[in-house]
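Q: make a model of this:
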Amino acid sequence: MSKINWRHYAKNLAIVIITYALTTLLAFVLDFRGIHSENLLTLYLLGIIIIVTETKSFLTTVLSSVLFIMTHNFMFLEPKYDWHTPHDHGFKSFALSAGLFLIVALIVNLLVSRLQRQMAISKQNVSLHKKLYKASEGLISIHGKDKVIEYADDALTELTGSEVEFFFDIDKNDENEAKKWCYKNSASCGHGEVEFPDAGHKYIPIRSNKKTVGVVSIDCSQHELSDEAVNCVTALLSQITIAIERADLEAEKQAEAEMRAREHLKAAVTKNISHDMYPRAQEIYKNAKSIREGMNLMEESEIIDKLKVIEDESDFIVQTVDNLLDINKDR
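A: Predicted coordinates for the structure are as follows:
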């Protein structure tokens with residue numbers, strides 16, 4: 001038996017002993033003041049309620065009830081300090097009271113256990129909604145589809161306590177039939193569902209603009225997902241879908257902006273070519289033609305001057321073309 005269990009049982013035993021001692025001591029005081037034994041049995045019932053509340057154990061409640069009834073039988077039922085049998089005077093009244101005592105003790109135990117279960121479920125649901133709120137708040141500041149999916153993976157893992165995986169663009173050649181069915185029918189399947197109930201994972205569709213864009217897989221092999229957890233997952237998936245759509249829209253806007261920038265650059269380059277390079281090309285053509293047609297009539301110095309103009313203008317054009325090629329290479 002584990003060390004933790006021993007501590008648990010020791011704690012329950014200490015609670016029973018202390019409650020029994022205090023209840024019996026108070027019963028002696030009330031008996032001394034002339035309180036009827038039936039009222040003392042009610043005092044022991046109060047002790048049982050305390051034990052039920054503190055130990056949360058059905059077996060401890062039953063054993064304590066028997067101990068309290070036997071103590072009342074021996075110490076406070078007339079004649080005192082004697083075990084009473086069904087033939088003794090007043091035993092029938094005691095037996096009825098003791099029976100009611102046990103019934104009430106068991107009912108209290110069941111009610112307390114149910115209340116504690118409901119409190120545990122409520123506490124778990126509060127924790128789920130806090131995680132959902134935190135995840136939703138974080139999605140607002142995430143940009144980029146890949147970063148949104150990475151954040152969503154971590155958020156769903158934190159929310160469910162299970163391994164989570166996203167799948168997009170599922171094709172008919174995928175070997176996972178449950179995943180394909182979820183994607184095709186836009187409905188949950190897998191663990192705990194009507195379709196593929198024996199699967200170790202639960203598959204939930206990711207919907208966008210009334211169409212399924214992907215599937216999220218949640219590992220359920222370690223523990224079950226409560227209905228409230230599934231609802232929280234569905235709510236978070238809706239927000240994740242919105243974040244993905246926002247990221248896609250931002251990417252489209254960025255692509256459009258880059259396209260407009262390229263068009264603007266193209267227009268600027270065309271304008272520069274027409275404004276700067278075309279006149280220079282004309283100058284090269286004019287000087288080259290002049291040399292060809294009048295070479296025999298020109299002085300050597302004049303020919304050299306025209307060739308220098310051709311060289312300078314050509315150098316400018318070559319440098320401009322190299323710069324344009326570098327710009328395109330960088331983009």
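
Q: confirm Ala187 sits in a helix?
A: No. Assignment of Ala187 by DSSP: H, G, I helix; E, B strand; the rest coil gives coil, placing it outside any helix.

Q: I'd say it and Ile204 touch.
A: No. In this structure, Ala187 is not within contact of Ile204 by CB atoms under 8 Å, at 9.0 Å. Backbone N, C-alpha and C define where each C-beta goes, glycine included.

Q: which one's more surrounded, these two?
A: Ranked by neighbour count (other CB atoms under 10 Å), Ala187 and Ile204 place Ile204 first, with 22 against 15.

Q: for that one, which three-state class applies?
A: Here Ile204 is strand, with the state taken from three-state DSSP.

Q: that one against Cys220, yeah?
A: No. Assessed by CB under 8 Å, Ile204 is found out of contact with Cys220, at 11.4 Å.

Q: mind checking the SS state of the residue of the chain most remote from its centre?
A: Farthest-out residue of the chain from its mean C-alpha position, per CA atoms, centre = their mean: Leu297, at 90.7 Å. Leu297 falls in the coil class when you classify it by three-state DSSP.

Q: residues near Leu45, how many?
A: Leu45 sits with 20 neighbouring residues when counted by other CB under 10 Å.

Q: typed the wrong thing, it's Asp146
A: Using other CB under 10 Å, Asp146 has 8 other residues around it.

Q: which residue, other than its chain neighbours, is closest to Cys189?
A: Leaving out its chain neighbours, the residue that sits closest to Cys189 by CB to CB, 6 or more residues apart in numbering is Glu195, at 3.9 Å.

Q: ok, that neighbour touching Trp181?
A: Yes. Counting by CB under 8 Å, Glu195 touches Trp181, with 5.9 Å between them.

Q: what is in contact with those two at once?
A: Residues touching both Glu195 and Trp181 by CB atoms under 8 Å, 6 or more residues apart in numbering: Cys189.

Q: chain center to the longest helix along the chain, what's the gap?
A: Looking across the chain with DSSP state H, the single longest helix is helix 91-139. Distance of helix 91-139 from its chain centroid, counting by CA atoms, centre = their mean, to the nearest Å, is 27 Å.

Q: need the next SSE after that helix, C-terminal direction.
A: Downstream of helix 91-139, the first helix or strand assigned by DSSP states H and E is helix 145-160.

Q: for that next one, what is the distance to the chain centroid?
A: That offset, for helix 145-160, works out to 8 Å (CA atoms, centre = their mean).

Q: likewise for stretch 8-27?
A: That offset, for stretch 8-27, works out to 43 Å (CA atoms, centre = their mean).

Q: output it as PDB - backbone C-alpha positions only.
A: These are the backbone C-alpha positions of stretch 8-27, laid out as PDB (Å, rounded to 0.1, in the frame of the first residue of the first chain):
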ATOM      1  CA  HIS A   8      -5.200   9.100   4.200                       C
ATOM      2  CA  TYR A   9      -6.300   6.200   6.500                       C
ATOM      3  CA  ALA A  10      -4.400   7.600   9.400                       C
ATOM      4  CA  LYS A  11      -6.100  11.000   8.900                       C
ATOM      5  CA  ASN A  12      -9.500   9.400   8.700                       C
ATOM      6  CA  LEU A  13      -8.900   7.400  11.900                       C
ATOM      7  CA  ALA A  14      -7.700  10.500  13.800                       C
ATOM      8  CA  ILE A  15     -10.900  12.400  12.700                       C
ATOM      9  CA  VAL A  16     -13.100   9.500  13.900                       C
ATOM     10  CA  ILE A  17     -11.300   9.200  17.200                       C
ATOM     11  CA  ILE A  18     -11.400  12.900  17.900                       C
ATOM     12  CA  THR A  19     -15.100  13.300  16.900                       C
ATOM     13  CA  TYR A  20     -16.000  10.100  18.900                       C
ATOM     14  CA  ALA A  21     -14.200  11.400  22.000                       C
ATOM     15  CA  LEU A  22     -15.700  14.900  21.900                       C
ATOM     16  CA  THR A  23     -19.200  13.600  21.000                       C
ATOM     17  CA  THR A  24     -19.100  11.000  23.900                       C
ATOM     18  CA  LEU A  25     -17.800  13.600  26.300                       C
ATOM     19  CA  LEU A  26     -20.600  16.000  25.400                       C
ATOM     20  CA  ALA A  27     -23.100  13.200  25.700                       C
END
